[in-house]
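Participant: let's see this in three dimensions:
(chains A and B)
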Amino acid sequence: MNAGARMKAGARMSAGPRRRDRLRRLLLPAVPFGWLLVFFGLPFLIVLKISLSDPATALPPYTPVLNWDGGVAAWSDFLAALDFENYRTLIADPLYLAAATTSLGVALAATVLLVLVGYPIAYGMARAPKGLQPLLVALMVIPFWTSFLIRIYAWIAILKGDGLLNKALLALGLIARPVEILNTLPAILIGVVYAYLPFMVLPLYAVLERLDRSLIEAARDLGASRLKAFLTVTLPLSAPGLVAGALLCFIPIIGEFIVPDLLGGPDTLMLGRVLWSEFFSNRDWPLAAAVAMLMLVIVAGPVVFFREAEARRLEGPP
Amino acid sequence: MSTRLHPLALAALALGFAFLYGPILVLVVYSFNASRLVTVWGGFSTRWYASLAADGALVTATLVTLKVAFASASLATVLGTLAALALDRRGRFPGRTLFTGLLVAPMVMPEVIIGLSLLLLFVALGVDRGLWTIVAAHATFTLCFVAVVVQARLATLDRSLLEAAADLGAPPARVFLTVTLPLILPAVIAGFLLAFTLSMDDLVIASFVSGPGATTLPMRLYSQVRLGVSPEINAISTLLIATVSLGVLAASLLTARRG
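Facilitator: Numbering: from 1, shown residues only, chains lettered A, B, ... in the order given. Here you go, the predicted model:
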């Protein structure tokens, strides 16, 4: 009996358990799904609502606050008090536009750098002797498990004016006087590439490691040069790893707070840092919420793009 | 070809791992520096480690962090495993696409947005902020990682074992407890450890949703790091790195013995 026929026979035999099964099938997702709706979905609606509110010196520090006992009148008062004031501020003040541009620029440049740095490492890992590969993966994973804050902090001692990098460059005679690296854009790029490297390398390694080597050998046998075999066989086949790695790096980097805060200067504003200071320093919760909405809009584009790319890949072989 | 490493690949590996481990090594070495000046070597000393134990606030923050990490990782493991099981079923359920989206989004969502949105939720609900709001927040974003890890294991599961158990008359709950769970247990444990580490590491989300009296270790470290590099921070960082490295090594040894 084939599997389909056996399933049909089983279904005929027990209608009761099948109903119970359907119930379970609905209940099983209900718990985690409900949790995510309350703690991840619902908060976005609240962020949207607060972004339309005005700051106030009260607790909570925004207005209007909905009076749940006031009935329809309270609701209409509440809705009437919402406006787009904060979004007008975002557009009118060049600071926010500059922060958005810097965030996107840094995320883009860092993702390109991550591919350039990460691809050779992933390739080397995939080509290493099989027995050595688990160790290499563990070595790549340990920094990923190590505190993000500490790993970025470690760069301060290296990049600062009297830091190790300047000392090394001076000792080698490459520079005449210490160069300012900390609190600049290059410092942010170094920090971001360093922090996100495992996120780029591991998905790439996962793809490259499973790559059918005979395909490359076939290309070589047919007369393709090493470079051509790489460009026409290896690179296209590793596209899923590239897409996954880029997704895991690009989007979080847009909202990155720790790296620009610790390694960047006061003039390198990124959205994550702007949101943080609007919230913690200026205590302007509605404006912070508006910045969050702006960030969501910026992030939504690449997510849709990556999802489309993924769907296209799954639809058929490249 | 497969046993010998190409020189270029070897160079990429050497440079890559030097880049990854150089800064950590510098930090570890300078934690044993006798001098207070962090970039001038003044001889070997463990004085900064001794001063850590005397820092009461640091010890309290460490305890808070461990409590939060344990509670949130336990919660995330249960919820994440349930989510993975729900998505693994061949049968579709209403909102499956939305569910998948909700499960992936927190993994790439910028932390500042998660932190702010959860804080606004807690304020709107009138919840007192403190240790438990951090636990709920951490469970929310780490459950997605647990789900991914468990789902990967479920995908490679030998279905015939489950069918065999069901054919032999085991009810679904029993199939789960005696066949599925033991088979996915390594992934569940790995998911728990991942959630634990992510919770211990989090600064941004905890800063938003924390309340008075609930200062985690990253929050405490951050307020010190902002003041500049200090040998005490190097010492506590070294301890954390050593703990994590031992954990990862132990975990890989455990899985190596299994496989």
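
Participant: and the longest helix for chain B?
Facilitator: helix B:56-88 (DSSP state H).

Participant: list phi and psi for B:Ala214.
Facilitator: phi -120, psi 70 (degrees, to the nearest 10).

Participant: got the contact list for the helix or strand following the longest helix of chain B?
Facilitator: Going down the chain from helix B:56-88, the next helix or strand is helix B:96-108, by DSSP states H and E. By CB atoms under 8 Å, 6 or more residues apart in numbering or on different chains, the residues outside helix B:96-108 that reach it are A:29, A:32-33, A:36-37, A:40-41, A:247-248, A:251-252, A:299, A:303, B:83, B:86-87, B:114, B:140-141, B:144-145, B:147-148. C-beta coordinates here come from the backbone N, C-alpha and C atoms, glycine included.

Participant: kindly recompute the last result at 6 Å.
Facilitator: A:33, A:36, A:40, A:251-252, B:83, B:141, B:144, B:147 (CB atoms under 6 Å, 6 or more residues apart in numbering or on different chains).

Participant: angle of that helix against helix B:56-88?
Facilitator: 150 degrees (axes from the mean of the first three to the mean of the last three CA atoms, to 10 degrees).

Participant: check the residue nearest to the spatial centre of chain A and give its pLDDT.
Facilitator: Note on chain A: the residue nearest the mean C-alpha position is A:Pro252, at 2.7 Å, using CA atoms, centre = their mean. Looking at A:Pro252, its pLDDT reads 89.

Participant: what strand or helix carries it?
Facilitator: Per DSSP H and E: helix A:239-254 holds A:Pro252.

Participant: for that helix, name the packing helices and strands.
Facilitator: helix A:94-127, helix A:185-210, helix A:285-315 (3 or more CB pairs under 6 Å, 6 or more residues apart in numbering or on different chains; DSSP states H and E).

Participant: so what's B:Val119 up against?
Facilitator: Rather than Val, residue B:119 is Leu. With CB under 6 Å, 6+ apart, B:Leu119 has these contacts: B:208-209.

Participant: and whichever residue of chain A sits closest to chain B, how many neighbours?
Facilitator: Shortest chain A-to-chain B distance, computed as CB to the nearest CB: residue-wise this is A:Gly255, at 2.1 Å. Counted with other CB atoms under 10 Å in any protein chain shown, residues neighbouring A:Gly255 total 28.

Participant: what pLDDT does it get?
Facilitator: 89.

Participant: A:Ala300: neighbouring residues, count only.
Facilitator: 11.

Participant: residues in contact with it?
Facilitator: Contacts of A:Ala300 by CB under 6 Å, 6+ apart: none found.

Participant: same check, this time on B:Leu221
Facilitator: With CB under 6 Å, 6+ apart, B:Leu221 has these contacts: A:Leu149.

Participant: with just CA atoms, put stretch B:136-154 into CSV.
Facilitator: Taking Å, rounded to 0.1, in the frame of the first residue of the first chain, the C-alpha atoms of stretch B:136-154 are listed here in CSV:
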residue,chain,number,x,y,z
ALA,B,136,9.4,39.1,28.4
ALA,B,137,11.3,41.3,25.9
HIS,B,138,14.3,38.9,25.7
ALA,B,139,12.0,35.8,25.3
THR,B,140,10.3,37.6,22.4
PHE,B,141,13.3,38.1,20.3
THR,B,142,15.2,35.0,21.3
LEU,B,143,12.3,32.6,20.7
CYS,B,144,12.8,33.2,16.9
PHE,B,145,16.4,31.9,17.1
VAL,B,146,15.2,28.8,19.1
ALA,B,147,12.6,28.2,16.4
VAL,B,148,15.1,28.4,13.6
VAL,B,149,17.5,26.0,15.3
VAL,B,150,14.8,23.4,16.2
GLN,B,151,13.1,23.8,12.8
ALA,B,152,16.4,22.9,11.1
ARG,B,153,16.6,19.7,13.1
LEU,B,154,12.9,18.8,12.5
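
Participant: which strand or helix spans the closest residue to B:Leu203 other than its chain neighbours?
Facilitator: Closest residue to B:Leu203 apart from its sequence neighbours, by CB to CB, 6 or more residues apart in numbering or on different chains: B:Pro218 at 3.9 Å. Taking DSSP H and E as the criterion, B:Pro218 maps to helix B:217-225.

Participant: now do A:Ala30, the pLDDT please.
Facilitator: 84.

Participant: with A:Met7 instead?
Facilitator: At A:Met7, pLDDT is 47.

Participant: try the one 10 residues further on
Facilitator: Looking at A:Pro17, its pLDDT stands at 57.

Participant: tell me the SS of A:Asp69?
Facilitator: With DSSP: H, G, I helix; E, B strand; the rest coil as the basis, A:Asp69 sits in coil.

Participant: circling back: the next helix-or-strand element following the helix holding A:Pro252 - contacts with which helices or strands?
Facilitator: Per DSSP H and E, the first helix or strand lying C-terminal to helix A:239-254 is helix A:258-263. For helix A:258-263, the packing partners by 3+ CB pairs under 6 Å, 6+ apart come out as helix A:148-159, helix A:185-210.

Participant: residues of the stretch 101-250 of chain B that sit close to chain A?
Facilitator: B:102, B:106, B:108, B:110, B:112-113, B:116-118, B:120-121, B:123-124, B:140, B:197, B:201, B:203-204, B:218, B:221, B:225, B:229, B:237, B:240-241, B:244-245, B:248 (CB under 6 Å from any CB of the partner chain).

Participant: which single residue of chain B ends up nearest chain A?
Facilitator: B:Pro110 (2.1 Å).

Participant: dump the residue contacts of the closest residue in space to that residue that isn't next to it in sequence.
Facilitator: Closest residue in space to B:Pro110, ignoring its immediate chain neighbours: A:Gly255 at 2.1 Å, by CB to CB, 6+ apart. The contact partners of A:Gly255, by CB under 6 Å, 6+ apart, come to A:272, A:295, B:110, B:112.

Participant: centre of the chain to stretch A:188-203, how far?
Facilitator: Distance of stretch A:188-203 from its chain centroid, counting by CA atoms, centre = their mean, to the nearest Å, is 11 Å.

Participant: sorry, back to before: give me the number of residues near the residue of chain B closest to chain A?
Facilitator: B:Pro110 has 25 nearby residues by other CB under 10 Å.

Participant: tell me which residues touch it, please.
Facilitator: By CB under 6 Å, 6+ apart, the neighbours of B:Pro110 are A:252, A:255, A:272.

Participant: surely the last one and A:Val259 touch.
Facilitator: By that I understand A:Gly272. No - using CB atoms under 6 Å as the test, A:Gly272 is too far from A:Val259 to be in contact (8.9 Å).

Participant: now stretch B:42-58: buried residues?
Facilitator: Neighbour counts over stretch B:42-58 (16 or more other CB atoms under 10 Å in any protein chain shown) mark B:48-49, B:58 as buried.

Participant: sorry, that was for stretch B:188-205
Facilitator: B:188, B:190-205.

Participant: how far away is the closest residue to A:Tyr119 other than its chain neighbours from A:Phe305?
Facilitator: Distances taken as CB to CB, 6+ apart put A:Leu204 closest to A:Tyr119, at 6.2 Å, once the chain neighbours are dropped. Distance, A:Leu204 to A:Phe305, using CB to CB, to the nearest Å: 19 Å.

Participant: comparing the two, which residue is more hemmed in?
Facilitator: Ranked by neighbour count (other CB under 10 Å), A:Leu204 and A:Phe305 place A:Leu204 first, with 27 against 14.
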